[in-house]
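Return atomic coordinates for the entry below.
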Amino acid sequence: MTPLEAPVMNDLWYKNAVIYCLDVEKYIDANGDGIGDFPGLTTKLDYLAGLGVTCLWLQPFYPSPNKDNGYDVSDYYGVHPKHGTPGEFVEFMNHAQQLGLRVIVDLVVNHSSDRHPWFQSARTSRGSPYRSWYLWSRTRPAGWNTGMVFPGVQKATWTRDPVAREYYFHRFYKFQPDLNTANPKVRQEIMRIMGYWLQQGVSGFRMDAVPFLIAAKGAGVKPHKDYEMLHEMRDFLQWRRRDAILLAEANVPPDENMEYFGERGDRLQMMLNFPVNQRLFYALATGDIRPLVRALEATYERPPAAQWVNFLRSHDELDLGRLTDVQRQRVFAAFGPAREMQLYDRGIRRRLTPMLDNDRRKLELAFSLLFTLPGTPMLQYGDEIGIGDDLSLPERECARTPMQWSSDVNGGFSTARKTVRPVISDPIYGYHRVNVEAQRRERNSLLNWIERKIRMRRECPEISWGDWRILEVDASGVLAMRYAWERRALVFLHNFTPKPRAVRLRPSDVKSPVLVDLLAKHDSQADEAGRHVVELQPFDYRWFRER
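Sure, this is the predicted structure:
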């Protein structure tokens, strides 16, 4: 069943949402200690609502040793004191709800921190009730140094614990022991964690590392994935809160997608579209849209209520692991040519604007694609103003610098002498030049341009609800797409090349005699043969509604 044929359920809020991902620690500091907090974030909710955002994705804010940006959780039921109190979190949630903003939070239950009381108990005795919550081996298993998530940085997946005197499994860093998610008690605890945050008013969860969460783990275990675990989580989620959602980080081949969504759409509602993301950057780097077209077509099938989430950059590296070696090298050459810009032999650790050389044409093209590809768009904090990166910081921290609000000290992020990460201060991307306050005053700034595009995107439900197809045009490097829903239709054109293109749309593809330009005064009138001819400049784009 295609989305167009499906029964319409207009109350699926996530279908036409605009998601904004932020790290509380790096967003705004209210108490002057150099670390972002919930009281500070609460003061910026009006800014986010004004931008047009409808849903916030909060990265981990739980108690943590913070060796992995908070993804090493030591207490799943709390707020790290550096971010504020539980009461201040509730005040934040209350204000978000007043503004109509939904909030989803990271669910990081593939592993815990080694400082978590569960692991501390498990390592002390084989008789500990938490021993079976983790994965152990008395001898070092075969393959102990394979399957690392962070190759070149991570040395093993099995590490000997001196207290337990056994080896424990960790797919990620050694300070993040994997939880044994096949254990019914662990699963029950995961549901309890979900229930706790749902009771606090969140609208769902971004699920970290889902393929590893549902994978069979342990020494000598035959590899397989327990997709039914996702069904169990979905049932619990919607029993507790009917409109809550699960958004998965699952970088898997397209032929596995339906296993995650469920054939009947009864597992995950949303997945980050990694196949399209990787080919999108290949197209931006080369002007060759063929792999992108194939990725779009490969991810076309999905249950009617399911939805893809499209993104440009995230808090992680730009993962290019599923491109061919030749394709990956082309993207490296265009966007991360220096070795220090690359990471884990598969990705680029840069922010979007530096990757695109601060070229406004390419930035507009990229964001136009983000807002018009099939699915729900997700923005990474700071990308709306073109924030840069700090390659002197280790691994992925280079793209996790504080938000730049003004030209005041520390970019208005904090009044502290030292901030949690240095605020970017270089001549091109530094806070004196790139900040929210300055861009609000400039009508044609990137910030105001994005706000206008988000407003228009929210007025185009055809993208989220409708059926779509790629139109064949005789202009190479131009992606032409048409959406249809409830007797309305949209046509989008994107020129990935540095050359002008004349795009001819056939009457069999676009039957309307008039295409109304939604962004400017470039309406198109069909000629006597019913054909539209649209002139595109280098890296140009058009949003049309058929009249």
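
what about the strands in the stretch 351-500 of the chain?
376-380, 467-470, 478-485, 488-495 (DSSP state E, counting those that start in this stretch).

Among these, show me which one is buried the most.
The highest average neighbour count among the strands of the stretch 351-500 of the chain, using mean count of other CB atoms under 10 Å, belongs to strand 376-380 at a mean of 24. For every residue, glycine as well, the C-beta is placed using N, CA and C.

Give me the distance from that one to the chain's centre.
6 Å (CA atoms, centre = their mean, to the nearest Å).

tell me the secondary structure for residue 285?
helix (DSSP: H, G, I helix; E, B strand; the rest coil).

re the thing from before, can you put the strands of the stretch 351-500 of the chain in CSV and add distance to residue 159?
CSV is the format used below for the strands of the stretch 351-500 of the chain (distance: least, CB to CB, whole Å):
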stretch, distance to residue 159
strand 376-380, 32
strand 467-470, 47
strand 478-485, 46
strand 488-495, 47
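
These: which one's closest to residue 338?
Of all these, strand 376-380 sits nearest to residue 338, with 21.8 Å by CB to CB.

one step back: can you tell me which of the strands of the stretch 351-500 of the chain is nearest to residue 115?
Of all the strands of the stretch 351-500 of the chain, strand 376-380 sits nearest to residue 115, with 28.2 Å by CB to CB.

elements contacting that closest one?
strand 19-22, strand 307-311, helix 360-372 (3 or more CB pairs under 8 Å, 6 or more residues apart in numbering; DSSP states H and E).

one more time with 6 Å
strand 19-22, strand 307-311 (3 or more CB pairs under 6 Å, 6 or more residues apart in numbering; DSSP states H and E).

Put the alpha carbons of that strand into CSV.
In CSV, the C-alpha atoms belonging to strand 376-380 read as follows (Å, rounded to 0.1, in the frame of the first residue of the first chain):
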residue,chain,number,x,y,z
THR,A,376,10.4,14.8,8.1
PRO,A,377,13.4,17.2,8.2
MET,A,378,15.8,17.3,11.1
LEU,A,379,18.1,20.3,11.8
GLN,A,380,21.3,20.1,14.0
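
Each with direction, which strands does that strand pair with?
Strand 376-380 has the following strand partners under DSSP bridges: strand 19-22 (parallel), strand 307-311 (parallel).

Please name whichever of those strands is nearest to residue 293.
It's strand 307-311; of those, that one is closest to residue 293 (CB to CB) at 15.1 Å.

what's the closest of the helices and strands packed on strand 376-380 to residue 146?
strand 307-311 (29.3 Å).

what's that closest one in contact with?
15, 270, 272, 273, 370, 373, 375, 376, 377, 378 (CB atoms under 6 Å, 6 or more residues apart in numbering).

Return the distance of the residue nearest to the fourth one when sequence neighbours are not counted relative to residue 284.
Leaving aside its sequence neighbours, residue 273 sits nearest to residue 308 (CB to CB, 6 or more residues apart in numbering; 4.3 Å). In this view, residue 308 and residue 284 are 19 Å apart by CB to CB, to the nearest Å.

Over to residue 416?
Residue 416 is 38 Å from residue 284, by CB to CB.

Settle it for me: which of those two has more neighbours?
residue 284 (22 against 15; other CB atoms under 10 Å).

how about that one, what does it touch?
Here residue 284 is in contact with no residue (CB under 6 Å, 6+ apart).

top helix in this structure by residue count?
helix 184-199 (DSSP state H).

Alpha carbons of that helix, in PDB - could you do that?
Output of helix 184-199 as PDB, limited to C-alpha atoms (Å, rounded to 0.1, in the frame of the first residue of the first chain):
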ATOM      1  CA  PRO A 184      13.900 -10.300  30.300                       C
ATOM      2  CA  LYS A 185      14.800  -8.300  33.400                       C
ATOM      3  CA  VAL A 186      16.900  -5.900  31.300                       C
ATOM      4  CA  ARG A 187      14.000  -5.500  28.900                       C
ATOM      5  CA  GLN A 188      11.600  -4.800  31.800                       C
ATOM      6  CA  GLU A 189      13.900  -2.100  33.000                       C
ATOM      7  CA  ILE A 190      14.100  -0.500  29.600                       C
ATOM      8  CA  MET A 191      10.300  -0.300  29.600                       C
ATOM      9  CA  ARG A 192      10.400   1.200  33.100                       C
ATOM     10  CA  ILE A 193      12.900   3.900  31.800                       C
ATOM     11  CA  MET A 194      10.600   4.700  28.900                       C
ATOM     12  CA  GLY A 195       7.600   4.900  31.200                       C
ATOM     13  CA  TYR A 196       9.400   7.200  33.600                       C
ATOM     14  CA  TRP A 197      10.200   9.800  30.900                       C
ATOM     15  CA  LEU A 198       6.800   9.400  29.200                       C
ATOM     16  CA  GLN A 199       5.300  10.300  32.600                       C
END
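
Which other helices and strands does it contact?
Where contact means 3+ CB pairs under 6 Å, 6+ apart, helix 184-199 is packed against helix 228-240.

Flag every buried residue along the helix it packs on.
229, 230, 233, 234, 236, 237, 238 (16 or more other CB atoms under 10 Å).

Just give the number of residues close to residue 285.
Residues near residue 285, counting by other CB under 10 Å: 17.

Pretty sure it sits against residue 329.
No: Residue 285 lies out of contact with residue 329 (CB atoms under 6 Å); the separation is 10.1 Å.

Tell me the spatial nearest neighbour of residue 535, not counting adjacent residues.
Per CB to CB, 6+ apart, closest to residue 535 is residue 502, 5.6 Å.

hmm, who's touching stretch 156-165?
Residues from elsewhere that reach stretch 156-165 (CB under 6 Å, 6+ apart): 123, 140, 141, 144, 145, 147, 148, 167, 168, 169, 174.

try stretch 320-328
278, 282, 331, 346, 347.

Tell me the spacing between the first one and residue 393.
Going back to what we said before, that points to residue 278. Distance of residue 278 to residue 393, computed by CB to CB: 24 Å.

Looking at those two, which one has more neighbours?
Set side by side, residue 278 and residue 393 show more neighbours around residue 278, with 23 against 15, by other CB under 10 Å.

count of neighbours near the residue nearest to residue 273?
Using other CB under 10 Å: residue 308 sits among 23 other residues.

and what of residue 526?
Per other CB under 10 Å, the neighbour tally for residue 526 reads 17.

Distance of the residue lying closest to it once chain neighbours are set aside relative to residue 502?
Nearest non-adjacent residue to residue 526, counting by CB to CB, 6+ apart: residue 513, 4.6 Å away. The gap separating residue 513 from residue 502 is 19 Å, by CB to CB.

Also residue 409?
51 Å.

Same question for residue 296.
Going from residue 296 to residue 502 by CB to CB gives 23 Å.

Many thanks, we can stop here.
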